[in-house]
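In: need a structure here:
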Amino acid sequence: MVKFLHPVLPRGLCRIGHMRAPVMACMMVWPVWLSPVHADQTEAPVIAPDASLPAQSTQPLRVTGIDATAMPGAGDVAQEFTHAPGLVPIDPMDLEYEIAQILHSAQDTVMAPGVGLSPLTKSIVAVQAHDSRLPSVRYHLSYAQAEATVTAGGATGLVSLIELRRFNLGPARHAQIVAEHGAENTAPLDAFGEGPHLVWRFAMQGLRGVDAVILSAARGEIDTPERDCLGFHCLMADSIIPHIADWQMGPATQAPQFRPSYDEIWQGAPSSPAMLDMLALHNGLAKAAPGRDDARWRAFEWREGARAGTPFVDVIVEIGLWQGAGAEVMLRDTDLMDHELQTIWYRLGAFSGPQGAEIQPFQAAEKWPDRR
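Out: Predicted structure coming up:
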């Protein structure tokens with residue numbers, strides 16, 4: 001059994017980092033629509049002045065066993081994070097090759113496919129390349145950073161540390177439909193998707209024009225999923241995203257136009273990585289030339305005062321939990337370097353419309369305790 005990094009969390013928010021500029025279905029999947037806080041923006045996010053959610057605590061990811069008196073190399077930081085008990089190291093070059101096999105080259109560029117994928121998006125693509133896709137799934141990703149020596153001359157840079165857990169909700173969906181409609185009216189269990197619950201760890205770094213080069217990776221299978229998906233049991237057959245925060249709904253609109261190197265549509269709805277990138281594009285966390293390339297995320301800024309390896313972003317993606325084609329994603333960005341807001345929650349749902357994918361945004365926020 002793989003031990004999780006996060007304990008059971010109550011509903012609400014937790015304080016886990018600092019950041020100035022951030023890095024759906026007949027039963028509709030409702031997307032997240034939020035405006036980020038950036039140092040270069042004069043316009044404040046659309047947040048209700050009295051928006052406030054209860055605080056919660058968390059056990060953060062940490063890089064341990066590294067001498068604090070010397071700046072470790074990027075490779076040391078990467079392996080210290082990924083080579084955890086219960087996880088099997090995966091060769092980064094082999095994994096990069098597997099990813100390349102499922103990406104598409106744009107006809108109007110000489111760049112290799114996937115060079116613009118963010119660490120978070122590439123983590124999902126990597127798991128899909130290595131373990132294939134499932135029809136009903138929940139992803140939970142946590143993002144942290146650590147400073148490391150990145151050149152022989154002693155220059156330092158940031159290494160992205162991502163833990164991804166993927167839960168196969170096929171069996172839970174099957175049991176739910178059997179209970180509601182009877183076994184005689186339900187497809188066989190294998191039709192709902194077969195595969196283990198997984199935990200992956202990735203360490204990535206921008207290098208030579210590639211936004212996220214895999215330095216180290218490791219994989220494990222989860223025997224007993226804990227109740228640690230932001231306070232909800234990870235194997236709930238129904239969507240947990242609508243219940244995580246006190247969401248404020250924005251107007252529905254068309255999905256952002258871009259041309260990712262991965263499969264943008266799957267099962268009639270935006271794919272898991274597409275959901276994450278659409279959320280980033282819609283909220284100014286990323287940009288892309290319309291119809292031309294991958295979403296290029298803004299780099300996450302170093303969190304002043306935060307300990308290396310402490311996560312400050314959480315992502316949940318849910319696919320295939322509704323009667324119709326749809327998907328949903330949320331991103332929590334906490335300990336903002338803002339004088340009033342501590343945490344912003346981004347949520348985006350997507351569903352098929354007459355003119356392509358449509359998105360429905362929501363947002364939520366929490367003020368610093370002394371500003372409430």
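In: contacting residues around the most centrally placed residue in the chain?
Out: Centroid-nearest residue in the chain, with C-alpha atoms, centre = their mean: V315, separated by 3.6 Å. By C-beta atoms under 8 Å, 6 or more residues apart in numbering, the contact set of V315 is L120, Y139, H140, L141, S142, Y143, L276, V329, M330, L331, R332. (Glycine included, C-beta is placed from N, CA and C.)
In: Note down every partner strand of the helix or strand hosting it and its orientation.
Out: Per DSSP states H and E, V315 falls inside strand 313-319. Using DSSP bridges, the strands paired with strand 313-319 are strand 137-149 (antiparallel), strand 326-334 (antiparallel).
In: And those: which comes nearest A100?
Out: Closest approach to A100 among these is made by strand 137-149 (21.4 Å; C-beta to C-beta).
In: Quick check: what element follows the closest one along the chain?
Out: Elements were assigned by DSSP H and E; along the chain past strand 137-149, the next helix or strand is strand 156-168.
In: helices and strands around that following strand, which ones?
Out: helix 74-82, helix 119-131, strand 137-149, strand 197-207, strand 210-222 (3 or more C-beta pairs under 8 Å, 6 or more residues apart in numbering; DSSP states H and E).
In: Just the buried positions in it, please.
Out: L158, V159, S160, L161, I162, E163, L164, R165, R166, F167, N168 (16 or more other C-beta atoms under 10 Å).
In: Could you do stretch 319-328 as well?
Out: Buried residues in stretch 319-328 (16+ other C-beta under 10 Å): I319, G320, L321, W322, A325, G326, A327, E328.
In: Isn't the third one up against P135?
Out: No - the pair L321 / P135 is not scored as a contact, 10.0 Å apart, by C-beta atoms under 8 Å.
In: any residues in contact with both of these two?
Out: Common neighbours of L321 and P135 (C-beta under 8 Å, 6+ apart) do not exist.
In: about what we covered before: just flag the most distant two among the buried residues of stretch 319-328.
Out: Going by C-beta to C-beta, the pair spanning these furthest: A325 and E328, at 12.0 Å.
In: Can you tell me which of the helices and strands packed on strand 156-168 is nearest to G309?
Out: strand 137-149 (5.1 Å).
In: what's the angle between that closest one and strand 156-168?
Out: In terms of direction (axes from the mean of the first three to the mean of the last three C-alpha atoms, to 10 degrees), strand 137-149 departs from strand 156-168 by 160 degrees.
In: pLDDT below threshold where in the stretch 251-372 of the chain?
Out: Within the stretch 251-372 of the chain, the stretches with pLDDT under 70 are 290-292, 305-306, 324, 352-356.
In: residue ranges of the strands in it, please?
Out: 253-254, 265-266, 269-270, 286-287, 296-297, 313-319, 326-334, 341-353, 356-367 (DSSP state E, counting those that start in this stretch).
In: I'd like these as TSV, with distance to G220 appended.
Out: Converted to TSV, those look like this (distance: least, C-beta to C-beta, whole Å):
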stretch	distance to G220
strand 253-254	39
strand 265-266	25
strand 269-270	28
strand 286-287	30
strand 296-297	27
strand 313-319	19
strand 326-334	24
strand 341-353	28
strand 356-367	32
